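Enquirer: Sequence below, structure please.
(chains A and B)
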Protein chains: 2
Amino acid sequence: MTVRIALDAMGGDHAPQVPVEGALRALREIPDLHILLIGPEDRLRAALGRRAAGLPLSIVHASQVVEMHEHTIAVKAKRDSSMVVGMRLVRAGEADAFVSMGNTGAVMAAALFHLGRIPGIDRPALATLYPTLRGHCLLLDIGANTDPKPEHLVQFAMMGVVYAERVLGWPRPRVGILSNGEEPGKGSILVREAYRRLEASGLNFIGNVEGKDIPRGAADVVVTDGFTGNVVVKHTEGFVAFLVRFLKAQLTDGALDRVGLAMALPGLLLAAPGLLLLLPSLREILRRLDYREYGGAPLLGVDGVVVIGHGRSDAKAVKNAIHAAVRAVRGRMLDAIREGLTALQASASLEAAVH
Amino acid sequence: MTVRIALDAMGGDHAPQVPVEGALRALREIPDLHILLIGPEDRLRAALGRRAAGLPLSIVHASQVVEMHEHTIAVKAKRDSSMVVGMRLVRAGEADAFVSMGNTGAVMAAALFHLGRIPGIDRPALATLYPTLRGHCLLLDIGANTDPKPEHLVQFAMMGVVYAERVLGWPRPRVGILSNGEEPGKGSILVREAYRRLEASGLNFIGNVEGKDIPRGAADVVVTDGFTGNVVVKHTEGFVAFLVRFLKAQLTDGALDRVGLAMALPGLLLAAPGLLLLLPSLREILRRLDYREYGGAPLLGVDGVVVIGHGRSDAKAVKNAIHAAVRAVRGRMLDAIREGLTALQASASLEAAVH
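Expert: Okay, the predicted model is just below:
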């Protein structure tokens, strides 16, 4: 079955070039894929040149663009923007998924407005892959909801598990809830109540995980509210930038301190090969941390497959986001979330009957 | 005026040796200091040997010990523990401050029970110095309150400013509130309401700071709830451990990948000097991150000066914690918090009158 991906050709810092390149790469790699490239037709034709000839790629005209730094509500006014047109294609069943590297808040708003939520899901959640010693974990919510209720965290957990199984291919993912201590009684009021419900959810719930457990890979799916998740993800970004600057200063100043001024040059020469190896290593870490690079961040809980990539995405990252969307469609992610919801409701009724 | 510090000689991983060494160092460095060393008299005499002769140091006997891994409530049962005896000395005015490297939860519980709160402060907060590109910022609360109310965050901000000015010597510290976006409307319900009150507080409030802004040093005092603060501090700890392991693997595997097996040995030799410089740099970062090493974490808002050091503290860290306690006493920190409270109440009434 051919999967039809609506791609926002005007999202991201280097649109339409980067989305167009990403689309061409995806078409070379992914069989049975049709891409609907959305944006101003003339600009997309110019960016494509002759390369689209014979490829399963169509252009869908959209005259407006939601800029990266525009306020979220801009998407409401721009009804002929690539975001809104893309969502409408999904809504109408003319596309199976929507992929955008655009303004995260605007994509979320457009998705909520034009696709709505999966019936029974109260709030959507934005998920990201986060690097750990074991590979990655899925962290959600990272910013869709700043004040969720306990039942929402349970829904996030279920959707995270479905995404991990169906799209990432992780068997029986371990679910942890982010807390300020490992013991079961630890946590805010929100976390303690969500903990109790997660225990009864039928998910593979392993309990509280602390901030230090995320990079250890203690859980495969880490559930938290969008406020804390956002702070963790952005803090990581800022902390890595701090480390890069701090290490550079340490390596050079440290060498100077240790060997003295007369010996400084040989000291620096000694340090140089390490630095040369170190800097790509740090760059690799930054890449691993670049949230959404790995196939983008899925917006879980809206009634359609929506994947949001980073504004700084390159063509490879766009291709990966398309890959993730295709896997979500082929893995019947939305159906799996609906089924998961039924199972959650069943365990909730069971729990209510027991209590 | 002589400052009398009650030091928990039984707190920390290497008690009583490390606290005793720290006390001796502090006495060598800090003029007009008297230390009350609290713990089982025979063990303290043995640890001191003849070194206490002629020094302004007394032993106060306490027969019980709250172990590092005991539950917080152990402190309630152990009424002759070094923690409880120390708090009682402060309460009775026989000591000016209490310093402990013991179990954080137990010290907090003992402080609340035996010293109580400063009248008008609803909740105490635990503060820590956090490394930034500009040096450090003061981050609070990092775990005393998981579910504070907006007015508590304003009290935390005021107490953080007093600590920064009186103990750390920072002029007119900039206060930021940790949020999930920079714009004024961003944040959880708690943060948005606290933001409004901080604007009217008369403090040097600079608005929202994001996770990435903490290591940049965007604010001198970063205010947050104890849940989020705890997650940030512990996440940093876990993330650095992740980086150390990841970089080590990258540096060695990377060298192997790049130069091939035949060339592996010279490649590793080239990388070695960099590694040798790199590892102390990372150790230095770990040291900088070791929350409470810089003079310990003050427990702000209890009616007495209480400084909690890290369980892994060495003698230097104990000495620094004693230093911080002495500065808090000499800087009349408690009076300054009381005055700050009056100012806050005045701006709150003013705001109420205006609205």
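
Enquirer: For chain A, which helix or strand comes out least confident on mean pLDDT?
Expert: Least confident helix or strand, chain A: helix A:264-289 with a mean of 54, by mean pLDDT, DSSP states H and E.

Enquirer: That one: what's the following helix or strand?
Expert: With elements assigned by DSSP states H and E, the helix or strand that comes after helix A:264-289 is strand A:297-300.

Enquirer: Off-centre distance for that next one?
Expert: Distance of strand A:297-300 from its chain centroid, counting by Cα atoms, centre = their mean, to the nearest Å, is 6 Å.

Enquirer: elements contacting it?
Expert: On a contact count with 3 or more Cβ pairs under 8 Å, 6 or more residues apart in numbering or on different chains; DSSP states H and E, strand A:297-300 meets helix A:104-114, strand A:125-132, helix A:150-166, strand A:305-308. From N, CA and C alone the C-beta is placed, and that goes for glycine too.

Enquirer: rerun at 10 Å
Expert: strand A:97-100, helix A:104-114, strand A:125-132, strand A:135-140, helix A:150-166, strand A:305-308, helix A:315-330, helix A:333-354 (3 or more Cβ pairs under 10 Å, 6 or more residues apart in numbering or on different chains; DSSP states H and E).

Enquirer: now the angle between helix A:150-166 and the last one, please.
Expert: In other words, helix A:333-354. Orientation note: helix A:333-354 sits at an angle of 140 degrees relative to helix A:150-166 (axes from the mean of the first three to the mean of the last three Cα atoms, to 10 degrees).

Enquirer: looking at the helices and strands packed on strand A:297-300, which is buried most?
Expert: strand A:97-100 (a mean of 32; mean count of other Cβ atoms under 10 Å in any protein chain shown).

Enquirer: ok, the spatially most central residue of chain A to residue B:7 distance?
Expert: A centroid search over chain A (Cα atoms, centre = their mean) returns residue A:297, at 1.6 Å, as the residue closest to the centre. Residue A:297 is 50 Å from residue B:7, where distance means Cβ to Cβ, to the nearest Å.

Enquirer: cool, residue A:320 as well?
Expert: 56 Å.

Enquirer: helix or strand for whichever residue of the stretch 51-200 of chain A sits closest to chain B, which one?
Expert: Chain B sits closest to residue A:180 of the stretch 51-200 of chain A, with a gap of 3.8 Å, by Cβ to the nearest Cβ. In this structure, residue A:180 sits in neither a helix nor a strand according to DSSP H and E.

Enquirer: For the closest residue to it other than its chain neighbours, give its distance to residue A:186.
Expert: Sequence neighbours aside, residue B:230 is the residue nearest to residue A:180 in space, at 3.8 Å (criterion: Cβ to Cβ, 6 or more residues apart in numbering or on different chains). Residue B:230 sits at a distance of 9 Å from residue A:186 (criterion: Cβ to Cβ).

Enquirer: Then residue A:231?
Expert: Distance from residue A:231 to residue A:186, counting by Cβ to Cβ: 18 Å.

Enquirer: who's more crowded, those two?
Expert: Higher neighbour count among residue A:231 and residue A:186: residue A:231, with 28 against 18, using other Cβ atoms under 10 Å in any protein chain shown.

Enquirer: okay but that one is in contact with residue B:208, surely?
Expert: No: Residue A:231 lies out of contact with residue B:208 (Cβ atoms under 10 Å); the separation is 11.1 Å.

Enquirer: what residues are shared contacts of the two?
Expert: B:178-180 (Cβ atoms under 10 Å, 6 or more residues apart in numbering or on different chains).

Enquirer: Present those as JSON lines; the columns should include pLDDT and neighbour count.
Expert: Below are the shared contacts of residue A:231 and residue B:208 laid out as JSON lines (pLDDT from 0 to 100; neighbours: other Cβ atoms under 10 Å in any protein chain shown):
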{"residue": "B:178", "pLDDT": "98", "neighbour count": "26"}
{"residue": "B:179", "pLDDT": "97", "neighbour count": "30"}
{"residue": "B:180", "pLDDT": "94", "neighbour count": "23"}
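
Enquirer: now, among the residues you listed, which is nearest to residue A:304?
Expert: residue B:180 (24.8 Å; Cβ to Cβ).

Enquirer: pretty sure the closest one contacts residue A:104?
Expert: No: Residue B:180 lies out of contact with residue A:104 (Cβ under 10 Å); the separation is 11.7 Å.

Enquirer: Are there residues contacting both of the two? Which ones?
Expert: A:142-143.

Enquirer: anything in contact with each of residue B:230 and residue A:186?
Expert: A:179-180, A:210, B:146.

Enquirer: Walk me through the domains of chain A.
Expert: With domains defined by automatic domain parsing, chain A comprises A:1-121+A:301-331, A:123-292.

Enquirer: between those domains, which gets the lowest average pLDDT?
Expert: Among those, domain A:123-292 has the lowest mean pLDDT, at a mean of 83.
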